[in-house]
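1. Give me a model of this one.
(one chain, ligands or ions: 1)
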Amino acid sequence: MMAAAREHHTVPLSVLLKRELANERVEKPEILYGQACQSKKGEDFTLLKTECQRIVGDGITTYSVFGLFDGHNGSAAAIYTKENLLNNFIAAMPPDLNREEWVAALPRALVAGFVKTDKDFQQRARTSGTTVTFAVIEGLVITVASVGDSRCILESAEGDLYYLSADHRLECNEEERERITASGGEVGRLNTGGGAEIGPLRCWPGGLCLSRSIGDVDVGEYIVPVPYVKQIKLSTGGGRLIISSDGVWDALSDEVALDCCRGMPVEAAAAQIVKEAVQVKGLRDDTTCIVIDIVPPEKPAAPLPQPKKLGRGVFKSMFRKRSPESSSQIDKEYLEPDVVEELFEEGSAMLSERFCFDAMHFCVRCRLDTKYPLCKMFKLFICAVCQVEIKPDEGISIHVGSSDFGKLRPWDGPFLCSSCQEKKEAMEGKRPPGDRHSSDSD
Ligand SMILES: [Zn+2]
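-> Numbering: from 1, shown residues only. Reported below is the predicted structural model:
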């Protein structure tokens with residue numbers, strides 16, 4: 001009995017999705033979106049794409065992606081990322097996954113897509129960098145990957161506020177300051193020369209205020225493109241998502257942003273948020289906002305005859321009594337599932353932790369059960385980041401050098417090509433700066 005109860009402590013993704021099917025909630029919500037922008041430097045870019053198609057064993061389904069790219073020191077990185085990130089992420093998704101596996105594979109494929117986009121852009125040796133906030137919406141599941149400080153918030157139908165992005169601003173993220181210092185970077189304010197320090201905390205060399213970004217070839221490699229990823233499943237009530245650049249968040253609190261456009265359709269809501277932000281602070285920065293409403297389909301009338309004397313609560317208690325024997329956690333969750341549920345959250349900058357396949361981590365951190373075998377979630381002999389084919393003598397297990405490595409065998413994947421392995425080491429501060437292209441000759 002004890003063992004059985006323990007197995008059910010977390011709700012596996014498979015259960016959530018099956019429950020959705022059982023409750024006939026697989027019907028897709030409607031996605032409504034609008035955007036607004038007031039431009040100062042012309043370095044904010046957006047990607048709004050619904051009806052992306054995915055062919056799977058269980059049919060064709062569609063999903064939507066929304067991206068916000070707030071560039072700095074030029075717009076090249078923001079434009080490059082807007083044009084390539086989606087494809088790089090799709091390329092990192094393993095083939096032949098059913099819907100459940102596809103949703104489960106999203107966080108890792110997003111990490112791979114971000115790192116590949118950064119690596120490819122840096123090889124073009126162009127300066128500039130960009131924040132990225134990238135949301136993938138499939139049914140009621142929202143997955144957001146982010147680097148930088150373009151925040152994404154969600155207000156659920158129940159009125160609760162959720163943060164779906166991290167804030168990778170050195171000023172307000174102590175963990176990131178420690179990571180950068182440990183990797184050999186220096187964190188401090190701008191020194192005016194007379195000893196006075198001004199402005200926000202920055203990373204030196206380079207002077208960037210952000211601890212993660214795509215691009216930025218000319219700053220230290222501890223400014224990494226590894227995104228924070230959060231995945232949640234909405235209740236059937238849906239919700240409203242707001243993605244904005246720091247031009248909005250420097251002027252408005254989350255509550256004000258939500259309240260100032262309450263009840264407005266998406267396009268007007270986005271315009272209202274930008275207008276409010278500019279009113280407060282003036283147009284000092286590019287100020288961009290995307291508003292996305294996830295609207296549940298109209299619920300059909302209940303097929304059962306409705307005796308008027310029985311209220312909803314009575315039905316609920318009758319339903320609950322149907323299986324009086326089993327009061328296990330999982331049954332309870334089957335009956336009362338209609339709340340926002342967190343499926344996944346991970347923000348580590350270490351690639352080895354983001355591609356973890358330690359059996360224990362697999363369950364607890366990724367909320368996956370072990371029925372997703374490694375060979376299905378990663379392509380063998382393909383680099384887990386850039387998707388190039390790895391020669392038999394070349395693959396390096398991503399766990400080499402990590403603290404988890406003791407538990408794993410050298411042939412435990414996923415594997416990286418030598419070039420991505422180099423990038424990984426550089427991001428972890430294990431390679432001296434300026435040594436960037438040391439082994440490009442082979
Ligand atoms: Zn690679």
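2. Give me the distance between the two termini of stretch 184-196.
-> With C-alpha to C-alpha, to the nearest Å as the measure, stretch 184-196 spans 24 Å from end to end.
3. Residues in contact with that stretch: which ones?
-> Outside stretch 184-196, the residues that touch it by C-beta atoms under 8 Å, 6 or more residues apart in numbering are 170, 177, 180-181, 197-205, 207, 220, 222-223, 429, 433. Placement of C-beta: from N, CA and C, glycine included.
4. Stretch 36-50 too?
-> 31, 33, 35, 62, 64-72, 74-75, 78-79, 82, 85-86, 130, 134, 245, 247, 267, 270-271, 273-275, 278, 283-290.
5. Start and end of stretch 342-351, how far apart?
-> Length of stretch 342-351, first residue to last, C-alpha to C-alpha: 22 Å.
6. What's the mean pLDDT across it?
-> For stretch 342-351, mean pLDDT rounds to 91.
7. Go through it and flag the buried ones.
-> Residues of stretch 342-351 classed as buried by neighbour count (16 or more other C-beta atoms under 10 Å): L343, F344, E346, G347, S348, A349, M350, L351.
8. Does the second one touch K230 like I think?
-> It stands for F344. Yes: counting by C-beta atoms under 8 Å, F344 touches K230, with 6.9 Å between them.
9. So, low pLDDT: which residues of the stretch 201-350 of the chain?
-> Scanning the stretch 201-350 of the chain for pLDDT under 70 picks out 299-337.
10. repeat that for 80
-> Per-residue confidence of the stretch 201-350 of the chain (counting by pLDDT under 80) places the weak regions at 298-337.
11. Find residues that contact each of F344 and K230.
-> Common neighbours of F344 and K230 (C-beta under 8 Å, 6+ apart) are T143.
12. Whichever strand or helix holds T288 pairs with which strands, and in what direction?
-> Per DSSP states H and E: T288 is located in strand 287-295. Here strand 287-295 has these sheet partners by DSSP bridges: strand 30-38 (antiparallel), strand 239-244 (antiparallel).
13. Report the mean confidence score over the helix or strand following the longest one.
-> Spelled out, it's strand 30-38. Sequence order places strand 44-56 as the next helix or strand after strand 30-38, per DSSP H and E. Mean pLDDT, strand 44-56: 92.
14. first vs last residue of stretch 135-153, how far apart are they?
-> Using C-alpha to C-alpha, the end-to-end distance of stretch 135-153 comes to 11 Å.
15. Flag every buried residue along that stretch.
-> Neighbour-count burial for stretch 135-153 [16+ other C-beta under 10 Å]: 135-153.
16. Let's see the PyMOL selection covering just the buried ones among the contacts of stretch 36-50.
-> Command for PyMOL, covering only those of these found buried under the criterion 16+ other C-beta under 10 Å:
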select buried, resi 31+33+35+64+65+66+67+68+69+70+71+72+74+75+78+79+82+85+86+130+134+245+247+270+271+273+274+275+278+285+286+287+288+289+290
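17. so of the contacts of stretch 36-50, which ones are in helices?
-> 78-79, 82, 85-86, 247, 267, 270-271, 273-275, 278 (DSSP state H).
18. As JSON lines, those with distance to the ion would be great.
-> Output for the ones in helices among the contacts of stretch 36-50, formatted as JSON lines (distance: C-beta to the ion, whole Å):
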{"residue": "A78", "distance to the ion": "24"}
{"residue": "I79", "distance to the ion": "23"}
{"residue": "K82", "distance to the ion": "22"}
{"residue": "L85", "distance to the ion": "16"}
{"residue": "L86", "distance to the ion": "19"}
{"residue": "G247", "distance to the ion": "35"}
{"residue": "E267", "distance to the ion": "41"}
{"residue": "A270", "distance to the ion": "38"}
{"residue": "A271", "distance to the ion": "42"}
{"residue": "I273", "distance to the ion": "39"}
{"residue": "V274", "distance to the ion": "39"}
{"residue": "K275", "distance to the ion": "45"}
{"residue": "V278", "distance to the ion": "43"}
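19. will you turn those into JSON lines that also has distance to L48?
-> Formatted as JSON lines, those follow (distance: C-beta to C-beta, whole Å):
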{"residue": "A78", "distance to L48": "15"}
{"residue": "I79", "distance to L48": "15"}
{"residue": "K82", "distance to L48": "11"}
{"residue": "L85", "distance to L48": "14"}
{"residue": "L86", "distance to L48": "11"}
{"residue": "G247", "distance to L48": "18"}
{"residue": "E267", "distance to L48": "12"}
{"residue": "A270", "distance to L48": "11"}
{"residue": "A271", "distance to L48": "15"}
{"residue": "I273", "distance to L48": "16"}
{"residue": "V274", "distance to L48": "16"}
{"residue": "K275", "distance to L48": "20"}
{"residue": "V278", "distance to L48": "21"}
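20. follow-up on the earlier one: just say which of the strands paired with strand 287-295 is most tucked in.
-> Of all those, strand 239-244 carries the top mean neighbour count, a mean of 26, counting by mean count of other C-beta atoms under 10 Å.
21. separation between I142 and R177?
-> 29 Å (C-beta to C-beta, to the nearest Å).
22. should've said G59
-> In terms of C-beta to C-beta, G59 sits 47 Å off from R177.
23. Comparing these two, which shows the higher neighbour count?
-> R177 (17 against 9; other C-beta atoms under 10 Å).
24. Now do the more buried one against R212, distance only.
-> Taken as C-beta to C-beta, the span from R177 to R212 is 12 Å.
25. likewise E267?
-> When E267 is compared with R212 (using C-beta to C-beta), they lie 31 Å apart.
26. Spatially central residue in this protein, please.
-> A145 (2.0 Å; C-alpha atoms, centre = their mean).
27. Which pLDDT value goes with that one?
-> 98.
28. List the neighbouring strands of the host helix or strand of it plus their orientation.
-> Using DSSP H and E, A145 sits in strand 141-147. Taking DSSP bridges as the criterion, strand 141-147 forms sheet pairs with strand 129-138 (antiparallel), strand 228-233 (antiparallel).
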